[in-house]
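J.: A predicted structure for the sequence below; I have some questions about it.
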Amino acid sequence: MHSTSNSTPARSGGRPTDALRPVVIQLSPLKYAEGSALIEMGDTRVLVAASIEKRVPPFLIGSGRGWLTAEYAMLPRATSTRNAREVTKGRPAGRSAEIQRLIGRSLRAAVRFEDLGEMTLTLDCDVLQADGGTRTASITGAYVATVLALARLYLTGDLQRWPLQSQIAAISVGLLGGAALLDLDSAEDQAAEVDMNVVATADQRIVEVQGTGERRSFERRELDALIDLALGGIRALAAEQSRVLAPVLEEVQAVQQKGRRRSAPPKDERALWGRPDGA
């Protein structure tokens, strides 16, 4: 699978064209969030918190369905120079708003909202350090945080049905020097002729593709090659997600094998207060 093209650019650390950067996913780094994950892809580091609230947007009130939304931000020194916090500007920058919508759309593909009930899951993705691929790392880490949050509610009985329907991950790909590269770092991203982000399920169903001819247009065969390369990377990321989540998912599966849980019936009022004297 490794490219042998003479035009293949040298990559940092001698990484092959179809190789991911080292991936590390830490579970539950935050004490209070229902679910959280710290994902590292090379020098890119993103902290994701998943919070669940018993409310939904107005358009879902009374529907019995839940919702998922996301927010995305970079710390001021996530990059080589300091950027002002967006809160000081009064609103998210256009790039941040676009990325958080992408994260929300991607993770909504993972959840059956009729099984979530009227609750909202909010994913806060904060980039601690940026070296390319922050949006795709956010999505991959957000899936892990989502599983942890849903498992917490399911295992305590706050959810009667397991609402997860798909495993989601994302990766960047691009063309540089005529070669297709997987998981671009910042230097590669800035120099790429074509830049693309791909979101897909673990079973290779595409959720979203964002592709741009940064310095030139590209052909259909190049598009197909980039998507194939991305799906291979997503397969590897999904395997790592599954590995770190295995203990939690085993607990969920054990509960599922016992059959659907039923809510405890309400107690009779007389049983709560006892029989009146002389009755």
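T.: Structure received.
J.: could you pull out the strands for this protein?
T.: In chain order, the chain shows strands spanning 23-27, 35-41, 44-53, 67-74, 120-129, 168-176, 179-182, 194-201, 206-213, with DSSP state E as the criterion.
J.: Adding distance to residue 227, mean pLDDT and mean neighbour count, write these out as TSV.
T.: (Each C-beta comes from the backbone N, C-alpha and C, glycine too.) Compiled in TSV, the strands of the chain are given as follows (distance: least, CB to CB, whole Å; pLDDT from 0 to 100; neighbours: other CB atoms under 10 Å):
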stretch	distance to residue 227	mean pLDDT	mean neighbour count
strand 23-27	20	98	17
strand 35-41	19	98	24
strand 44-53	22	98	22
strand 67-74	24	96	21
strand 120-129	24	98	21
strand 168-176	8	97	26
strand 179-182	10	96	22
strand 194-201	6	97	23
strand 206-213	7	96	15
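J.: Any idea which of these gets closest to residue 136?
T.: When those are ranked by distance to residue 136, counting by CB to CB, first place goes to strand 168-176 at 3.9 Å.
J.: for that closest one, packing partners?
T.: Judged by 3 or more CB pairs under 8 Å, 6 or more residues apart in numbering; DSSP states H and E, the packing partners of strand 168-176 are helix 94-108, helix 134-155, strand 179-182, helix 186-191, strand 194-201, helix 220-257.
J.: go with 6 Å
T.: If contacts are counted by 3 or more CB pairs under 6 Å, 6 or more residues apart in numbering; DSSP states H and E, strand 168-176 sits against helix 134-155, strand 194-201, helix 220-257.
J.: Including distance to residue 125, could these go into CSV?
T.: As requested, the helices and strands packed on strand 168-176 are exported to CSV (distance: least, CB to CB, whole Å):
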stretch, distance to residue 125
helix 134-155, 4
strand 194-201, 14
helix 220-257, 16
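J.: Buried deepest among the ones you listed, which one?
T.: Neighbour counts averaged per stretch over those are highest for helix 134-155, at a mean of 26; criterion: mean count of other CB atoms under 10 Å.
J.: Which other helices and strands does that one contact?
T.: Helices and strands touching helix 134-155, as assessed by 3+ CB pairs under 6 Å, 6+ apart, comprise strand 35-41, strand 44-53, helix 94-108, strand 120-129, strand 168-176, helix 220-257.
J.: what would the ones you listed look like in CSV with distance to residue 145?
T.: Compiled in CSV, the helices and strands packed on helix 134-155 are given as follows (distance: least, CB to CB, whole Å):
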stretch, distance to residue 145
strand 35-41, 4
strand 44-53, 4
helix 94-108, 9
strand 120-129, 6
strand 168-176, 12
helix 220-257, 10
